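Colleague: generate a structure from the sequence data that follows.
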Amino acid sequence: MTAMRAFRFASCLILMALAFSGLRFWKLGQKLYWVDEAITSLHITAEGGDQILELLQEEKPSHLAQIRNFLRMSDATITGTVRSLREEDPHHTPLYYILLNRWALCLGLAPARLRLLSALFSFLSLFAVGWLAFELFESKTISVIAALIFAASPFELIYAQQAREYSFWILLILIATTVFSRLLRNPAWSLAFAYFIVTTALLYTHVFSICVLIAHGCVVAVLFRRNRAVLVRYGTATLAALLLFVPWMVVIVTRLAQLREENSGVAEPLSPVLYLETFLLNLVRPVLDLGLPSYQHLPYRELQVVLPLCLILSVIVSSTVFFALHASALQRTVLFALAMSNIFPLAVMDIVAGGRRALLPRYDSPTWIVLHLVLAFFCVRAMASGSRALKIGGVLATGAVVLSGIVTDELFFSRSVWWTSRPPELAEVVTYLESQTGPFRLIVDEQNFHTNSWIGLSYSLPDVPLILVGDASVSSFPDGIAYALHATPDFALRIFVLTGQICVPVKPWLCKLELPKQRARAMQPMVPVTIAAQ
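Modeller: Presented below is the predicted three-dimensional model:
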């Protein structure tokens, strides 16, 4: 390939990577502001769920949009954000939330504006992954292809459009591993200091960063245990970073019981077959994501779904085998350790204690970073090999990855909810209500108000009128169609007593009733109703 053709080829790849990365900033406000993002808003405003409930009862909002007005940045401080995380969510370390607190103070709390910070971090990761690829493989072509694959990745796009810390965490993992790789080759104190700064930020971005540091330590123990310069500088930087993280570790240790209770959902057992299916689906999702839900059997009879998944899975397996056979010892050790850093201990915990911790894709972010790099290595080395079969395989693999990104982007931007929108019942409710053409109201139970769900709904369905049902909060029910969310048996019975109408279930969390004028009646003070367990 001549120099001019090589330049044109590289320019084309870079433009494609930039185009894919630009999609991170498109339709930032489209997706449901799901419950974890609502928790982010509570943390950066230092508003607690109890405070929101008090405001609800005092101000009696008439529309969903008014609920989000309860979140106020006027009194939000860094100290308040750190205190909120320490007391309510200690397994989320505070650096990202501090940055987002300052960001929201300037730009506001609208979902698109909060998500913009994550999109910026993900865009910067495009250059960071190219830097890491160049540091490991010393190839500009692999660096550019790695950036393209990263930019086209559905996983990176999804978390670039969420007001959560994961895109920032991925950026810091890339930078930390790049500095670490350079430190191994050139054990200078300046690089050790840079590694100390980055790893400290990494630890205060996500607690699972400890596993990334352990992976780096395993590389040093396996390949550099006799290199005194590397041992001293790496050890000093790592120890200093861990010492600075001790204060937050104390917070986590003192609240272990709270953490176990709050994360009990990930400890729920899953059948071995369903566990394996979800694991394989997660393995494909960084390249091709068709929006299939987790923890459900794959649609084996739908060949238009199964065949592309199998094709991408075969590309991933082939690339991994090729990498294991052709990469250097340093490349294999660094990437294998990073890939196993989080997913391996989480999978062991699942096997020993039961649960689905390793099936949460965001926790396995280091593994997906490695997958991008392995795919880039295979695509470039295969196309440059003397084997015609490998050349064709490399071209087809590159095309499949890029095409998968295009397909996923089309699906992703055509929907207001995705499989990451949790809980799935709330996503179903939003999809259903958005499809309704006529006017309707939502009935809210003040005694069972789910703050996080309603904050998300206030952005998805802002103009929907509310009917607040408390002990004596409404004099009468207006006529027309109404839906009750979180309609527990007790709440459904209270609605029947008040209206004479049966609330008919239409979704797991939603029931519907029609209130004609002649049937709606004044509300009386309620005596608590108890329904015997069936």
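
Colleague: what sits up against the host helix or strand of F323?
Modeller: In this assignment (DSSP states H and E), F323 forms part of helix 303-326. Residues outside helix 303-326 that contact it (CB atoms under 8 Å, 6 or more residues apart in numbering): 280-281, 283-284, 287-288, 290, 292, 298-300, 331-332, 335, 371, 374-375, 377-379, 381-382, 393, 397, 400-401, 404, 407. (Glycine included, C-beta is placed from N, CA and C.)

Colleague: pull out the buried positions in that helix.
Modeller: Using 16 or more other CB atoms under 10 Å as the test for burial, helix 303-326 gives P308, L309, L311, I312, L313, V315, I316, S319, T320, F322, F323.

Colleague: next secondary structure after it?
Modeller: For helix 303-326, the following helix or strand on the C-terminal side (DSSP H and E) is helix 329-353.

Colleague: what's the helix or strand just after that following helix packed up against?
Modeller: Downstream of helix 329-353, the first helix or strand assigned by DSSP H and E is helix 365-384. When contacts are defined as 3 or more CB pairs under 8 Å, 6 or more residues apart in numbering; DSSP states H and E, helix 365-384 sits against helix 111-137, helix 140-152, helix 166-185, helix 209-223, helix 303-326, helix 329-353, helix 388-412.

Colleague: P465: which of those is closest?
Modeller: Minimum separation from P465 across the helices and strands packed on helix 365-384 (CB to CB) falls at helix 111-137, 21.6 Å.

Colleague: looking at the helices and strands packed on helix 365-384, which is nearest to V266?
Modeller: V266 sits nearest to helix 329-353 of all those, at 8.8 Å, using CB to CB.

Colleague: follow-up on the earlier one: how about a markdown table for the buried residues of helix 303-326, with distance to R72 added?
Modeller: A markdown table is the format used below for these (distance: CB to CB, whole Å):
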| residue | distance to R72 |
| --- | --- |
| P308 | 46 |
| L309 | 45 |
| L311 | 50 |
| I312 | 46 |
| L313 | 48 |
| V315 | 49 |
| I316 | 47 |
| S319 | 50 |
| T320 | 50 |
| F322 | 55 |
| F323 | 51 |
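
Colleague: hmm, back to that, can you give me the angle the helix holding F323 makes with helix 365-384?
Modeller: Interaxial angle, helix 303-326 versus helix 365-384 (axes from the mean of the first three to the mean of the last three CA atoms, to 10 degrees): 80 degrees.

Colleague: what angle do helix 303-326 and helix 388-412 make?
Modeller: Computed with the same axes, to 10 degrees, the direction of helix 303-326 lies at 130 degrees from that of helix 388-412.

Colleague: hang on, the earlier thing: farthest-separated two in the buried residues of helix 303-326?
Modeller: Pairwise across the buried residues of helix 303-326, and taking CB to CB, the largest span is found between P308 and F323, at 22.5 Å.

Colleague: looking at the buried residues of helix 303-326, spot the one nearest L191.
Modeller: L191 lies nearest to F323 out of the buried residues of helix 303-326, by CB to CB, at 26.2 Å.

Colleague: looking at that closest one now. What's its pLDDT?
Modeller: Turning to F323, the model gives it a pLDDT of 97.

Colleague: quick check: it vs H92, distance?
Modeller: For F323, the distance to H92 (CB to CB, to the nearest Å) stands at 33 Å.

Colleague: with A267 instead?
Modeller: As judged by CB to CB, A267 and H92 stand 18 Å apart.

Colleague: who has more neighbours, these two?
Modeller: Counting neighbours by other CB atoms under 10 Å for A267 and for H92 shows that H92 has the greater number, 19 against 14.

Colleague: helix, strand, or coil at that one?
Modeller: Three-state call for H92 (DSSP: H, G, I helix; E, B strand; the rest coil): coil.

Colleague: was I right to think it contacts E165?
Modeller: Yes. With contact defined as CB atoms under 8 Å, H92 counts as touching E165 (7.0 Å).

Colleague: for I443, find the nearest of the helices and strands packed on helix 365-384.
Modeller: For the helices and strands packed on helix 365-384, the distance to I443 is smallest for helix 111-137, at 24.7 Å, taking CB to CB.

Colleague: for that closest one, buried residues please.
Modeller: With burial defined by 16+ other CB under 10 Å, the residues of helix 111-137 counted as buried are 111-137.

Colleague: what angle separates it from helix 365-384?
Modeller: Angle, helix 111-137 to helix 365-384, by the same axes, to 10 degrees: 50 degrees.

Colleague: same for helix 111-137, what does it pack against?
Modeller: Checking 3+ CB pairs under 8 Å, 6+ apart, helix 111-137 ends up next to helix 3-22, helix 35-45, helix 95-107, helix 140-152, helix 154-160, helix 166-185, helix 329-353, helix 365-384.

Colleague: what's the average pLDDT for it?
Modeller: Average pLDDT, helix 111-137: 96.

Colleague: what of stretch 365-385?
Modeller: pLDDT averaged over stretch 365-385 gives 95.

Colleague: and it, how far out from the chain's middle?
Modeller: 23 Å (CA atoms, centre = their mean, to the nearest Å).

Colleague: put the alpha carbons of that stretch into PDB.
Modeller: Extracted in PDB, the C-alpha atoms of stretch 365-385 (Å, rounded to 0.1, in the frame of the first residue of the first chain):
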ATOM      1  CA  SER A 365     -16.200  -2.800  31.800                       C
ATOM      2  CA  PRO A 366     -12.500  -3.800  31.900                       C
ATOM      3  CA  THR A 367     -13.400  -7.000  30.100                       C
ATOM      4  CA  TRP A 368     -15.100  -5.100  27.300                       C
ATOM      5  CA  ILE A 369     -12.100  -2.800  26.900                       C
ATOM      6  CA  VAL A 370      -9.900  -5.800  26.400                       C
ATOM      7  CA  LEU A 371     -12.400  -7.200  23.900                       C
ATOM      8  CA  HIS A 372     -12.200  -4.100  21.700                       C
ATOM      9  CA  LEU A 373      -8.400  -4.300  21.700                       C
ATOM     10  CA  VAL A 374      -8.300  -8.000  20.900                       C
ATOM     11  CA  LEU A 375     -10.700  -7.500  18.000                       C
ATOM     12  CA  ALA A 376      -8.500  -4.600  16.700                       C
ATOM     13  CA  PHE A 377      -5.400  -6.800  17.000                       C
ATOM     14  CA  PHE A 378      -7.000  -9.600  15.000                       C
ATOM     15  CA  CYS A 379      -8.500  -7.400  12.300                       C
ATOM     16  CA  VAL A 380      -5.200  -5.600  11.600                       C
ATOM     17  CA  ARG A 381      -2.800  -8.600  11.900                       C
ATOM     18  CA  ALA A 382      -5.100 -10.900   9.900                       C
ATOM     19  CA  MET A 383      -5.400  -8.300   7.000                       C
ATOM     20  CA  ALA A 384      -1.600  -7.900   7.000                       C
ATOM     21  CA  SER A 385      -0.800 -11.600   7.000                       C
END
